[in-house]
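K.L.:
Would you be able to build a 3D model of this:
(chains A and B)
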Amino acid sequence: MADSARSNSALGWLADPLASTADAAQRAYRFTSDRRAYLAPIAIGLALLLVSLVGLASNASQFFYSYFIGWISCLTIAVGGLFFLFFNHLTKASWSVVVRRVNEALVWAFPLLFVLGIPILFGMHDLYHWTHEELYVEGGPKYDEILAGKRGYLNTPFWIGRVVVYFALWIYLSYKLYVLSVRSDVEGGEGVPAKLRKVSAWGLPVTAVATAFASYDLLMSTDPHWFSTIFGIYFFIGGILAAVSLMVVLLASFQRVGGMLEGVVTKEHYHDLGKYMFGFTVFWAYIAFSQYMLIWYAGIPEETLFYKHRLMHGWEWHSAFLIIFHFIVPFLILLPRFTKRSIPTLSFMAVWLIVMHWFDMHWIAAPTQGAHHTFHWLDLTLGLGLFLIFAGTIVYRLSRHSLIPEKDPYLGDSLHFENV
Amino acid sequence: MLDELTRELKATMGIYESDEEQVYGLLAEFSDPGALLHAAEAVRENGYSHFDTHSPFPIHGMDRAMGLGNSKVGFFSFGGAVTGLAVGYLLQWWTSAVDYPINISGKPFFAIEPSVPIMFELTILFGALGAVAGMLALNGLPRPYNPLFYSERFERVTDDAFFLHIAASDAKFDETDTANLLRKAGALNVELVQDDGSAETAPASSL
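P.N.:
Take a look at the predicted model:
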């Protein structure tokens, strides 16, 4: 039995910065399924990506759009997970200790997402209209005065530099939160919550700013003439909703399929995660509507164009579907107490909300590709493929360590937690 | 039949009727929150349903010990919220499109977009009012008169004493047996509370 957790080898570092500590974990908290639990989703995900390469040859623009939508969906989930972890530390939440390791495994997705983001560099010409050189030729037929004015900010080298900075920050913070917590499993948990809180205290505001700018750079600039200052919150709230949902899906499948964590994660914890799902569903709608209403009221063409695109040529159905199935239906289903305490119902809603999060990202990015509404088979293969790799590596990390921070001083409170 | 139903409904709100001899019930005092919790469990397990506990502060786990189900306040809140949503919609439509239509920068007289904040606020307001009204109704409040006020000991209930009251209207109520049960559950003292409707009456005698 190791008395300190070692670092992982160079390549494995991407998936998990620490060597396995599973042997040191208490039997009740161990991951007991076999390798198929993570190898199967990763293998299917890779296969789907391989199949999608056919699409790259025939329709590169569509490939990059579909890839980008799948990638940004996973990235927002990781960002949301990071925020969820921050404020649980900062509020000294003791109920969430037993679900925290899943959250920690979720945030170490950033290094892999960084690598998976590299193909997007090759699709920047398709994804980002502002990269087109002819827009900046003064007097030229395609000269765009507005984008020329934004060029000091929206240009490829600066854009890449900023994205690298965002990732460096996210990776550094998730490294701190992940490693401090996992190390405490073998080295003891005294004083660790205080350290985690300290990292979260400066990490939260800095990540908030970085995430807002990441949302402008990565997603909002797919429609470079348009701008919305609330966009950063929209970006983050969709992600945190999907992150909590993903935690529910992982925990429920560990318990119901894998027979793990019996009596450790209880209905009470699902109930609280369900409350967060409900709350963030409402908050998502609140932010989405705030953005829409202000633009509707002002009626300025450069702003209304965003919604005009999304209310014609078939996109109006897409928009209506988003309101009904990202807000109204989940709101009514998650409102009563019993649905949040029924694990099958809650898991179903969690899968639903993850799919709707992807749908939301599609709704934002895809209309900039073409005026007419479309779903392409690449949307499915790349979206699902990237998500399976993303989720599979989370399970991989969880399989290598205790499933809960077992030496956390507040573990007892969490185990006996009850909703009043 | 209807009387019976009303009586049971009022009992769920903590309002019990006295019996023919004006006996309101038995009031037992307990030393601490834990003792009260276990006493409530014992009383419920012995098949009583018309009883209530009184303490200076909320006691964790008491709902379960007393066998109280989930709060039904949520239904009142939901009803209020739906009413508020509808009222907000009607208010916006009637004031801006029917009663006093004004053309403001060419916008439609009635549109859903600017109405949503009003509908939202009224949903919250009516939902909150529904929750408060429902809470008061389900608790049988406000209730300025309660026969328990005849007990001198009961005055300490907002300070440092813990009481359990079993109503005479309970089907299983029996002055001697019930008092014995309460003593067995660890009561410091048990007294019979009379509802004689007169504040001048001497305090109920200790059994």
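K.L.:
Quick test: name the residue nearest the centre of chain B.
P.N.:
The central residue of chain B, meaning the one whose C-alpha is nearest the mean C-alpha position (CA atoms, centre = their mean), is B:Asn139 at 1.4 Å.
K.L.:
Let me know the helix or strand that residue 80 is in.
P.N.:
I'll assume chain A. Element membership of A:Gly80, judged by DSSP states H and E, is helix A:60-90.
K.L.:
think we crossed wires, I meant chain B
P.N.:
Applying DSSP H and E as the criterion places B:Gly80 in helix B:73-93.
K.L.:
which residues touch the residue nearest to the centre of chain B?
P.N.:
With contacts defined as CB atoms under 8 Å, 6 or more residues apart in numbering or on different chains, the neighbours of B:Asn139 are B:Met13, B:Gly14. For every residue, glycine as well, the C-beta is placed using N, CA and C.
K.L.:
and if we set it to 10 Å?
P.N.:
With CB atoms under 10 Å, 6 or more residues apart in numbering or on different chains as the criterion, the residues that contact B:Asn139 are B:Thr12, B:Met13, B:Gly14, B:Ile15, B:Val73.
K.L.:
what do you get for A:Val137?
P.N.:
By CB under 10 Å, 6+ apart, the contact list for A:Val137 reads A:Tyr143, A:Asp144, A:Ala148.
K.L.:
try 7 Å this time
P.N.:
With contacts defined as CB atoms under 7 Å, 6 or more residues apart in numbering or on different chains, A:Val137 is in contact with A:Tyr143.
K.L.:
Pull up the gap between it and A:Met124, please.
P.N.:
Taking CB to CB, to the nearest Å as the criterion, A:Val137 is separated from A:Met124 by 19 Å.
K.L.:
thinking again about what came up before, could you tell me which residues within the helix holding A:Gly80 count as buried?
P.N.:
Buried residues in helix A:60-90, counting neighbours by 16 or more other CB atoms under 10 Å in any protein chain shown, are found at A:62-86, A:88-89.
K.L.:
Check stretch B:34-42 too.
P.N.:
Counting neighbours by 16+ other CB under 10 Å, one finds that the buried residues in stretch B:34-42 are B:Ala35, B:Leu36, B:Leu37, B:Ala39, B:Ala40, B:Glu41, B:Ala42.
K.L.:
what does stretch A:186-194 give?
P.N.:
Buried, per 16+ other CB under 10 Å, within stretch A:186-194: A:Val186, A:Glu187, A:Gly189, A:Val192, A:Pro193.
K.L.:
Lowest pLDDT pick from the residues you listed?
P.N.:
Per-residue confidence over those reaches its minimum at A:Gly189, where pLDDT is 72.
K.L.:
tell me the domain ranges of chain B?
P.N.:
As assigned by automatic domain parsing, chain B contains the domains B:22-56+B:160-206, B:73-139.
K.L.:
A:Tyr276: which of these is closest?
P.N.:
Proximity of the domains of chain B to A:Tyr276 was assessed by CB to CB; the nearest stretch is domain B:73-139, lying at 18.2 Å.
K.L.:
What's the end-to-end length of that closest one?
P.N.:
With CA to CA, to the nearest Å as the measure, the ends of domain B:73-139 fall 10 Å from one another.
K.L.:
The longest strand seen in chain B pairs with which strands?
P.N.:
Ranked by residue count, the top strand of chain B under DSSP state E comes out as strand B:23-30. Applying DSSP bridges to the sheet, strand B:23-30 is found paired with strand B:162-167 (antiparallel), strand B:189-194 (antiparallel).
K.L.:
Out of those strands, which one sits most buried?
P.N.:
With neighbours defined by mean count of other CB atoms under 10 Å in any protein chain shown, none of the strands paired with strand B:23-30 is more surrounded on average than strand B:162-167, at a mean of 24.
K.L.:
wait, what's in contact with the spatially closest residue to A:Ser399 that is not a sequence neighbour?
P.N.:
By the measure of CB to CB, 6 or more residues apart in numbering or on different chains, the closest residue to A:Ser399 outside its immediate chain neighbours is A:Phe31, 4.3 Å from it. With CB under 7 Å, 6+ apart as the criterion, the residues that contact A:Phe31 are A:Ala22, A:Met260, A:Leu398, A:Ser399, A:Leu403.
K.L.:
How about A:Thr304?
P.N.:
Shown in contact with A:Thr304 (CB under 7 Å, 6+ apart): A:Ile295.
K.L.:
Now it: which helix or strand?
P.N.:
Assigned by DSSP H and E, A:Thr304 falls within helix A:301-309.
K.L.:
Can you list the buried residues in that helix?
P.N.:
Neighbour-count burial for helix A:301-309 flags A:Glu303, A:Thr304, A:Phe306, A:Tyr307, A:His309 (criterion: 16+ other CB under 10 Å).
K.L.:
out of those residues, who's nearest B:Asp19?
P.N.:
Where the buried residues of helix A:301-309 are concerned, and distances follow CB to CB, B:Asp19 has its nearest neighbour in A:Tyr307, at 69.3 Å.
K.L.:
separation between A:Phe231 and A:Ile237?
P.N.:
In this structure, A:Phe231 and A:Ile237 are separated by 11 Å, where distance is defined by CB to CB.
K.L.:
Check what pLDDT the closest residue to chain A within chain B gets.
P.N.:
Taking CB to the nearest CB, chain A has its nearest neighbour within chain B at B:Glu113, 4.6 Å off. Looking at B:Glu113, its pLDDT stands at 88.
K.L.:
can you check the one 5 residues further on too?
P.N.:
On the pLDDT scale, B:Ile118 is placed at 94.
K.L.:
Now restrict the contacts of B:Asn139 to buried residues only.
P.N.:
Listed as buried from the contacts of B:Asn139 are B:Gly14, B:Ile15, B:Val73; burial here means 16+ other CB under 10 Å.
K.L.:
Which parts of the stretch 101-250 of chain A are strands?
P.N.:
For the stretch 101-250 of chain A, strands defined by DSSP state E, counting those that start in this stretch do not occur.
K.L.:
could you pull out the helices for it?
P.N.:
Along the stretch 101-250 of chain A, the stretches classed as helices by DSSP state H, counting those that start in this stretch are A:110-116, A:118-122, A:124-127, A:145-149, A:156-187, A:192-214, A:231-256.
K.L.:
Show me what the fifth one is packed against.
P.N.:
Right, the one you point to is helix A:156-187. Under the contact criterion of 3 or more CB pairs under 7 Å, 6 or more residues apart in numbering or on different chains; DSSP states H and E, the helices and strands touching helix A:156-187 comprise helix A:60-90, helix A:97-107, helix A:110-116, helix A:192-214.
K.L.:
what's the closest of these to A:Leu411?
P.N.:
Minimum separation from A:Leu411 across the helices and strands packed on helix A:156-187 (CB to CB) falls at helix A:97-107, 5.3 Å.
K.L.:
residues making contact with that closest one?
P.N.:
Taking CB under 7 Å, 6+ apart as the rule, helix A:97-107 contacts A:78, A:81-82, A:84-85, A:88, A:174, A:177-178, A:181, A:243, A:246-247, A:250-251, A:264-265, A:269, A:273, A:394, A:397-398, A:402-405, A:408, A:410-411, A:414-415.
K.L.:
Please identify which of A:Phe231 and A:Ile237 sits among more neighbours.
P.N.:
Neighbour comparison, A:Phe231 and A:Ile237: the larger count goes to A:Ile237, with 21 against 18 (by other CB atoms under 10 Å in any protein chain shown).
K.L.:
which of the contacts of A:Phe31 are the two that sit furthest away from each other?
P.N.:
Maximum pairwise distance among the contacts of A:Phe31 (CB to CB): 12.1 Å, between A:Ala22 and A:Met260.
K.L.:
So for these two, which residue has more residues nearby?
P.N.:
Neighbour tally, A:Ala22 and A:Met260, criterion other CB under 10 Å: the higher count belongs to A:Met260, 20 against 17.
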